[in-house]
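Asker: Quick one, fold the following:
(2 chains)
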Amino acid sequence: MSNSRQKMEYLPVDASPVKSFFVYMLTRDISLEESILDLLDNCVDGILRNRPANSELKPYSGFHAEIELKKDSFMISDNCGGIPWRLHDYAFRMGRPSDRKLDVPGGVGVYGIGMKRAIFKMGQQCLISTQNGPNSYEVEINPEWIEDEKEWHIPVRAASKSLSEDGTTIVVLDLHSHIAKRFAEDTESFKARLNDMVATHYAFIIDKGFQIRINKDLVKPRPTRLAFRKGGAKGPRIQPYIFKTKTDEGVEVFLAVGFTRPIPSADEVSSEQEEKKYSSLEAGWTVLCNERAVLYCNRDELTGWGEANVPRYHTQFIAISGIVEFKAADASKLPTTTTKRGIDTSSRIYLQVKNKMREGMRIFTDYTNKWKAHAEESRKHIEAAGVPLSFEEIKTASERLPFSPTKTQMPGGKQYRPQLPMPKRIEPRTRRISFVKDVEEVRSVAEYLFDDPDTDAARVGEECFNLILKEARG
Amino acid sequence: MKHPAYQLRPNKAIDRLTLIDALRRLAKLADLSEYTYYGLGGPYLEDFRLLYEFYPEIKMISIEKDEETFKQQKFHAPCGTLKLKRAQFKSFLSHYEAKDRKSIFWLDYTGLEYGQFEDFMMLLGKVAANSVIKITLQAEPREHLRKAKEFREKFGALMPNASADPPRTRFGFAYLVQQMVQIASQSALPSAMPAMYLPLSSFYYSDGTGMFTLTGVVCFRSEVNKVRDAFESWEFANLDWEKPRRIDVPMLSTKERLHLQHCLPRQKAGKVLRRALGYLIDRDLRSSEFKLAQYATFHRHFPYFMKAIP
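Answerer: Residues are numbered from 1 along each chain as shown, chains lettered A, B, ... in the order given. All right, here's what the predicted structure looks like:
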């Protein structure tokens, strides 16, 4: 027995990748909508690669991407500068070689998988045409190439015609049947969902001039805006909590959390629990990595809700929203996953910043709890802040604020804690009375008191109390 | 509970009769006696009365949450076979089980709330194949003027463009509501599911407040052509989510109607009917001819309102 063991010769095993892993497995990690956002990320990286460095307000102005969804094809075309021939190894290779240097400061491409994964997610045949200065070429991927496990080279040919502007067009044909069905039969719901994702995840880039069209319809950005009372007398006022820092690894962080709208009244909270009234609230955290949202309006533990003294998200907190931005020349330092639409929860920088997210959030959950019995009065404070500010406007306005250093948790960081208005008496001199009565009975009393059966129930109850109080005190 | 004078809403009356029309074509697909009609018929149960008149073989169930309206319904029940249930529609829906029995639902809402779309989506996933679901929603742009943000917060998940403000015109708003119904139906029954929701007709009208109404059928994707064939020749068919059709009939006297009757049906009816009357029935030539054309389109569905002495 032992002799036969000695005779056995162990040869090295084959650990080379198989194409089906990339084509059929890796594509499961990402939704169709997210894979299309990956293609848009490439467009933006193209702009960053090709545009001259400047600090304009609208750095993406003049650049556009058009997405076309058809029952038998997908197309995205842009004028974002095309893929330089020197990058062909990166652009078309499955994964990014470790010795490859950073070519797009401020981009988000790290893993070298986005474009390929998006293509394989959708179909079996693809033509990529690109023009970058003197380079103008076409790359075609077809089902035979996908099936051939030995062939890893993709033929490249000179482009048959030149484009009016440098850019890239990707056409995916031979769509997987379930994708073709989504484009053909779920057309409106898919387009609406994609439009919504682009409008929210790309809000900051669109706001800076980038134009994205889906089936010819221009996507309007939907940025989160926070109430920010500027100027005027000193004292308590509605402003966001702000934190900023730059880490030793070169990651810039800017965080703002505050109110997007007045806090809800008790009636609004209870009616929302009975029947969902809002389908698209801005409450929660939006996390940006190099200007692209990797999370939008998240309301769970991922962003600190329900952790370390922060209450779990609840309808009463619908007014609270936060934005945190991570910016780095080297995208690998950003706390994102390979899908770029998720947070790497083990990232050290994210865990540190999350502490600050919770700290900021607590100010506003505390405010909401203290004012919830006086929502109408609180509304006056929040509305007094005027038109809510966009993230960029908050950054500019924050330059005048007195920041204080955060020494222990985030060395090098600075924060601004707003002094929010608080109800005059901390020890309540008031008591809440609430009771339930038959709708028709409430309507009858409302008509009796106000000549209007539809008068708000809270007002009816309060007026009843006032009348009896007057009687009781003679 | 106070209700508007439902019986005096001519445009809604026409809409009810177009449902009767649609059911006539539905009979090509299945025996109507296999169906149960569920409605939120209000105190006078007008839809049930009509249904009983045309298709007595359809079983009927009314759902009403309000106690006083429920009593009024008992008083006005058009026949002994109508079952009156007192329940919240939402709670009725959560207990509803189709068990392969075909249904006709009319979600006849008077407002516009996200929860109503949720009811609709829940129902789409529950009904048996070849069931009809009609949904009526308020489509009054005046209600949402200067409240664009609130509208987006409420309906963003169903809007084709969740960053846009709601339109200000009656038609634009009604079309947006139709698109929201379309997106809701595709979300509830995505292409991965064997069944789909095919629209049959859609209208918008106003008897004081703008309303939108859409009738559709839940059918197997593999049988969709059979359903399309049954409805293709219907004059009010809207099988591809095209723009909704307006109902805006003029108030004509019985004498006028009898006088116009012999000219109908015909093409370019607006001009012909205006000439036949010899005077304008609305503020100018264009609107008079438009209203008379509306009358021509819907004259067979237009009830006579007469003074009766009890």
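Asker: For chain A, what's the nearest residue on the stretch 51-200 of chain B?
Answerer: Nearest residue of the stretch 51-200 of chain B to chain A, counting by Cβ to the nearest Cβ: residue B:156, 2.4 Å away. The C-beta positions use only the backbone N, C-alpha and C, and glycine is treated the same way.
Asker: Chain A contacts on the stretch 151-300 of chain B?
Answerer: Proximity of the stretch 151-300 of chain B to chain A (Cβ under 8 Å from any Cβ of the partner chain) is limited to residues B:152-164, B:179, B:182-183, B:186-187, B:190-192, B:196, B:221, B:241.
Asker: So for residue A:40, what's the nearest residue that isn't a sequence neighbour?
Answerer: Closest residue to residue A:40 apart from its sequence neighbours, by Cβ to Cβ, 6 or more residues apart in numbering or on different chains: residue A:65 at 6.0 Å.
Asker: Tell me the residue of the stretch 251-400 of chain A that sits nearest chain B?
Answerer: residue A:280 (2.4 Å).
Asker: pLDDT weak spots in the chain?
Answerer: Just so you know, I chose chain A. Low-confidence segments of chain A (pLDDT under 70): A:1-6, A:52-57, A:95-112, A:232-233, A:339-340, A:425-429.
Asker: right idea, wrong chain: chain B
Answerer: Ranges of chain B meeting pLDDT under 70: B:1-7, B:307, B:309-310.
Asker: What segments of it are helices?
Answerer: In chain B, the segments counted as helices under DSSP state H are B:10-26, B:46-54, B:67-76, B:89-95, B:114-124, B:148-155, B:170-188, B:224-231, B:254-261, B:269-277, B:285-298.
Asker: can you check the stretch 351-474 of chain A too?
Answerer: A:375-383, A:391-398, A:439-450, A:457-472 (DSSP state H, counting those that start in this stretch).
Asker: Who are the packing partners of the longest one?
Answerer: Right, the one you point to is helix A:457-472. The contact analysis (3 or more Cβ pairs under 8 Å, 6 or more residues apart in numbering or on different chains; DSSP states H and E) places helix A:457-472 against helix A:266-274, helix A:439-450.
Asker: for the ones you listed, which one sits closest to residue A:377?
Answerer: With distances scored as Cβ to Cβ, the stretch of these nearest to residue A:377 is helix A:266-274 (13.2 Å).
Asker: Would you mind getting the angle between that closest one and helix A:457-472?
Answerer: Orientation note: helix A:266-274 sits at an angle of 140 degrees relative to helix A:457-472 (axes from the mean of the first three to the mean of the last three Cα atoms, to 10 degrees).
Asker: Mind listing the strands the helix or strand following helix A:266-274 pairs with, and their directions?
Answerer: Next in sequence after helix A:266-274, counting helices and strands by DSSP states H and E, comes strand A:284-289. Here strand A:284-289 has these sheet partners by DSSP bridges: strand A:292-298 (antiparallel), strand A:320-327 (parallel).
Asker: what's next to the first one, contact-wise?
Answerer: Right, the one you point to is strand A:292-298. The contact list for strand A:292-298, computed with Cβ atoms under 8 Å, 6 or more residues apart in numbering or on different chains, reads A:37, A:41, A:44, A:108, A:197, A:200-205, A:224, A:281-288, A:302-303, A:305, A:321, A:336, A:340-343.
Asker: Residue A:285 contacts residue A:325, doesn't it?
Answerer: No: in this structure residue A:285 lies outside contact range of residue A:325 using Cβ atoms under 8 Å: 11.4 Å.
Asker: For the residue of the stretch 1-150 of chain A found nearest chain B, which non-adjacent residue is spatially closest?
Answerer: Residue nearest to chain B within the stretch 1-150 of chain A: residue A:71 (10.8 Å; Cβ to the nearest Cβ). Distances taken as Cβ to Cβ, 6+ apart put residue A:184 closest to residue A:71, at 3.6 Å, once the chain neighbours are dropped.
Asker: quick one: the residue sitting furthest away from the middle of chain B and chain A, what's the gap?
Answerer: Relative to the centre of chain B, the most outlying C-alpha is that of residue B:278, 33.9 Å out, by Cα atoms, centre = their mean. Using Cβ to the nearest Cβ, to the nearest Å, we find residue B:278 at a distance of 46 Å from chain A.
Asker: residues in the stretch 101-250 of chain A within reach of chain B, list them.
Answerer: Checking the stretch 101-250 of chain A against chain B by Cβ under 8 Å from any Cβ, the hits are A:178, A:181-182, A:184-192, A:195-196, A:199, A:217, A:219-222.
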